[in-house]
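Undergrad: have a look at this fold, sequence not included:
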């Protein structure tokens, strides 16, 4: 028979063990809850947590805009948006959208929503100083030439990878007027922001948000959100019809053609994910985040840097080149393209996911569509001839057109 002393001792040990387990489980939970309170409570959250999470505050961004306008009033910066932003009240602040290396603000301009962006770095971070005394001794013509030459020297690393003719860039970016020191500082600050450069170079290109102008290192662009696009990728839960999804897919195909034939070579999308696209009410697709898009010469320069033993080591996100295994170096032979990546990552579902723009098609075309998407989404060990994708492109387009 088990003694009473044994039972008491056993229970005591169990209770002690239970207490230890409780402490081990509850302690980290309490610490985690305290962390969440510090991070997410609007009155408690320290500024460093906000910045680490890409969060922002309206007060902080309003101060930022005030500083920009103060620089404009002092004649330090210039730009076509300075008066609407600082004097006329045409650009109305709505609220901040986020930080994280870049300030992003939603605003209203001429009764339409716009996105106002700027690098978090001060405009003076980009300035390459020119001696004021020397400038005062020069004639207006000589001073203008000196500033322009300085701008082009600073811009060389940005302009050359785009393969842009200097005269074309001068006309589009610098205009015909004589440049002031404020123009010089503004141009330096904008040349240091890749997204601005792409928006400027792609002005008038469909499927890219319009650039409305700039003031110092701040620029405003068309506001197109991904909020209306994301539900379309959930055909089971969304109310969008097959015809509407086809219209979006056809717009993606138009984007592929548009990006293949820019004045500066093909534009590669190296970060194809759902949140980087938006649609208009008319189902026109836009690439709303072009930070990781690159023209051909730019991408070749970037992608040939690493050493490699196999192709998957020659990737820059969704853009992949071929590895020369004998030399152990990535080549300029890029084996992915926009059409292939869209087929793989947007049109069809990934693994067990039910998401995908063209999942659950009408039964009449389901088999042919599945085959086409499989063929256009695959990658080989070698570069597949462009004619192969061109053929698939037209087959997919025709199949979608005839399905609605």
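TA: Received it, and whenever you're ready, just let me know what you need. Here the structure is a predicted model, which means the values were calculated and not measured.

Undergrad: where in the stretch 251-400 of the chain is pLDDT low?
TA: Where the stretch 251-400 of the chain drops to pLDDT under 70, the residues are 350-354.

Undergrad: let's go with 80 and repeat that
TA: Residues of the stretch 251-400 of the chain that meet the criterion pLDDT under 80 lie in 264, 349-354, 381.

Undergrad: residue contacts, residue 96?
TA: 56, 57, 58, 60, 61, 103, 104, 105, 106 (C-beta atoms under 8 Å, 6 or more residues apart in numbering). Bear in mind the C-beta positions are built from the backbone N, C-alpha and C, glycine included.

Undergrad: what about stretch 271-279, how long is it end to end?
TA: Start to finish, the residues bounding stretch 271-279 are 17 Å apart (C-alpha to C-alpha, to the nearest Å).

Undergrad: re earlier: from the contacts of residue 96, which single one is nearest residue 319?
TA: Of all these, residue 104 has the smallest distance to residue 319: 24.9 Å, by C-beta to C-beta.

Undergrad: how about the strands in this structure?
TA: Taking DSSP state E as the criterion, the chain carries its strands at 91-98, 102-109, 112-119, 211-215, 218-222, 267-269, 277-279, 285-287, 293-295, 315-316, 319-324, 329-334.

Undergrad: can you read off the pLDDT for the nearest residue in space to residue 73 that is not next to it in sequence?
TA: Counting by C-beta to C-beta, 6 or more residues apart in numbering, residue 73 lies nearest to residue 86, which is 7.1 Å off, once chain neighbours are set aside. pLDDT recorded at residue 86 is 97.

Undergrad: so how far is residue 370 from residue 86?
TA: Distance of residue 86 to residue 370, computed by C-beta to C-beta, to the nearest Å: 56 Å.

Undergrad: and those two? Which one has more around it.
TA: Each of residue 86 and residue 370 has its neighbours counted (other C-beta atoms under 10 Å); residue 86 has more, 19 against 14.

Undergrad: right, and that one touches residue 215 too?
TA: Yes - Residue 86 is within contact range of residue 215, at 7.2 Å (criterion: C-beta atoms under 8 Å).

Undergrad: which residues do the two both contact?
TA: Common contacts of residue 86 and residue 215 (C-beta under 8 Å, 6+ apart): 68, 72.

Undergrad: make JSON lines out of the strands of the chain and add distance to residue 66.
TA: Shown next, in JSON lines, are these (distance: least, C-beta to C-beta, whole Å):
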{"stretch": "strand 91-98", "distance to residue 66": "10"}
{"stretch": "strand 102-109", "distance to residue 66": "13"}
{"stretch": "strand 112-119", "distance to residue 66": "13"}
{"stretch": "strand 211-215", "distance to residue 66": "13"}
{"stretch": "strand 218-222", "distance to residue 66": "12"}
{"stretch": "strand 267-269", "distance to residue 66": "36"}
{"stretch": "strand 277-279", "distance to residue 66": "30"}
{"stretch": "strand 285-287", "distance to residue 66": "31"}
{"stretch": "strand 293-295", "distance to residue 66": "33"}
{"stretch": "strand 315-316", "distance to residue 66": "39"}
{"stretch": "strand 319-324", "distance to residue 66": "40"}
{"stretch": "strand 329-334", "distance to residue 66": "45"}
